[in-house]
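*Asks:* Fold the following, please.
(2 chains)
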2 protein chains.
Amino acid sequence: MVQSSKKVISVVPEPSLRRMPAYLSFSEGLLKKGQEFVSSTQIANYMNIDPTQVTKDLSYTSIVGKTRVGYEVKAMVDILSNFLGFTVLDQAFLVGAGSLGSALLLDDGLENFGLDIVAAFDVNPAIIGKKFNDIEVFHIDQFRDLAQEMKAIIGIITVPAEYAQSVADLMAAWGVKAIWNFTPARIKVPDDIVVQNTSLYANLAIIFNKIHHDREKEI
Amino acid sequence: MVQSSKKVISVVPEPSLRRMPAYLSFSEGLLKKGQEFVSSTQIANYMNIDPTQVTKDLSYTSIVGKTRVGYEVKAMVDILSNFLGFTVLDQAFLVGAGSLGSALLLDDGLENFGLDIVAAFDVNPAIIGKKFNDIEVFHIDQFRDLAQEMKAIIGIITVPAEYAQSVADLMAAWGVKAIWNFTPARIKVPDDIVVQNTSLYANLAIIFNKIHHDREKEI
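*Replies:* Below is the predicted model of the structure:
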């Protein structure tokens, strides 16, 4: 019975978590402009949400507001980057170095946000051996050996949708802690592996559907 | 008073819409394997959701299931690609041809899904005049003239977060119908412009937060 002395982290609701990078980006902007304090109302206006929601979201972090002056901007930037895991580099493997995959390898932004892609894998002989942004592409058969060596804890899937599950199985068998799935396919993995789906095409579909709907209204 | 004769398209709830690219990808896989019909239960198992939800989602499209045999796979592929707007090319402009922006320009996948990026813009002299995947990068000052000429109706924002609003203002002034915002910043535009936010960093934050939380549990 040791649980009472353990540090308890409350699980942050996903909608709150999704807003936090925007809080961070807003406070970074204010910091550049030299603003020292920011009120929850000012943040709420920027976000187009209610100030009580801002207060609630920030209460999941260690950011503390001061009566009348609000939140200290510099502290917000530091605490949020830390809280969001952007200040620590986590090693990742990417499988599928085709068009979207190589695009992600070329995006330096990810490393600034704490994601260090250490190796990429593919089955296409034309790509194997190539380097994107100093990240080498290996044959998928080398996945397990290199995973052992490089200790990647995040797997990124950018293969065609029909191969997503077999790549996920490979990643799960090796022991990644999280999978970032960029395919529209749904993958099944053991419960202790975190899965984050990011389908650019799903987002596109939402845009197209809304534009299309608006067009119909105009007829 | 002409509204009664107008074609009415029901607004599809966003969660349903988000699942549709997965339905499409699943049925494309079945088609390749030569499967002719698929039941809502089979789709539901793949998606890890309830079969009644599948039936409900598909009811927003013109896909009709047959008693006992289920949905025709080929019809599902055709109707869903059409419904999601993936079969018609929409012209788009991208502003911010830096690391993420140029990555998107290099992703052929987007064109297969109906997004035709016709021009890119930046302010960095080192990038202006370059071509990515045959898409030229112009100075942002040429935005209005080229928008007029090329009739882009979708604007993609991949600039640093602090410039997102001014780019959005430029796009709104020109008259885009939709903005796809890849920055963590929130943008304000007139109500008739569709805004879709896709923050890779917000998705990363969710992964990091969950991994971190799991780590704490292990202590």
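*Asks:* how about the helices in chain A?
*Replies:* A:14-33, A:40-47, A:51-59, A:73-83, A:99-106, A:109-112, A:143-150, A:164-174, A:200-218 (DSSP state H).
*Asks:* how about low-confidence regions in chain A?
*Replies:* Along chain A, segments meeting pLDDT under 70 span A:1-10, A:213-219.
*Asks:* Within the sheet, what are the partner strands of the top strand by length along chain A, with directions?
*Replies:* Criterion DSSP state E: the longest strand present in chain A is strand A:115-122. Strand A:115-122 pairs in its sheet with strand A:90-95 (parallel), strand A:135-139 (parallel), by DSSP bridges.
*Asks:* May I see the buried residues of it?
*Replies:* For strand A:115-122, burial by neighbour count (16 or more other CB atoms under 10 Å in any protein chain shown) applies to A:115, A:117, A:118, A:119, A:120, A:121, A:122. In this view, the C-beta of every residue, glycine as well, is placed from N, C-alpha and C.
*Asks:* need the contact list for the fifth one.
*Replies:* Read it as residue A:120. Contacts of residue A:120 were listed using CB atoms under 8 Å, 6 or more residues apart in numbering or on different chains, and they are A:93, A:94, A:95, A:97, A:101, A:102, A:105, A:132, A:135, A:136, A:137, A:138.
*Asks:* Now with 6 Å, please.
*Replies:* Residue A:120 makes contact with A:94, A:97, A:105, A:135, A:137, according to CB atoms under 6 Å, 6 or more residues apart in numbering or on different chains.
*Asks:* In PyMOL, how would I select the buried members of these?
*Replies:* A single PyMOL command selects the buried members of those (16+ other CB under 10 Å):
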select buried, chain A and resi 94+97+105+135+137
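*Asks:* between the contacts of residue A:120, which is nearest chain B?
*Replies:* Here the nearest of the contacts of residue A:120 to chain B, counting by CB to the nearest CB, is residue A:105; it sits at 8.5 Å.
*Asks:* Help me confirm that that closest one comes into contact with residue A:134.
*Replies:* No: counting by CB atoms under 6 Å, residue A:105 sits too far from residue A:134 to count as a contact (9.2 Å).
*Asks:* Would you mind finding the most buried of the helices of chain A?
*Replies:* Burial of those is given as mean neighbour count (mean count of other CB atoms under 10 Å in any protein chain shown); helix A:99-106 ranks first at a mean of 22.
*Asks:* for that one, the distance to its chain's centre please.
*Replies:* Here helix A:99-106 shows a centroid-to-chain-centroid distance of 15 Å under the convention CA atoms, centre = their mean, to the nearest Å.
*Asks:* Packing partners of that helix?
*Replies:* For helix A:99-106, the helices and strands in contact under the criterion 3 or more CB pairs under 6 Å, 6 or more residues apart in numbering or on different chains; DSSP states H and E are strand A:131-132, helix B:99-106.
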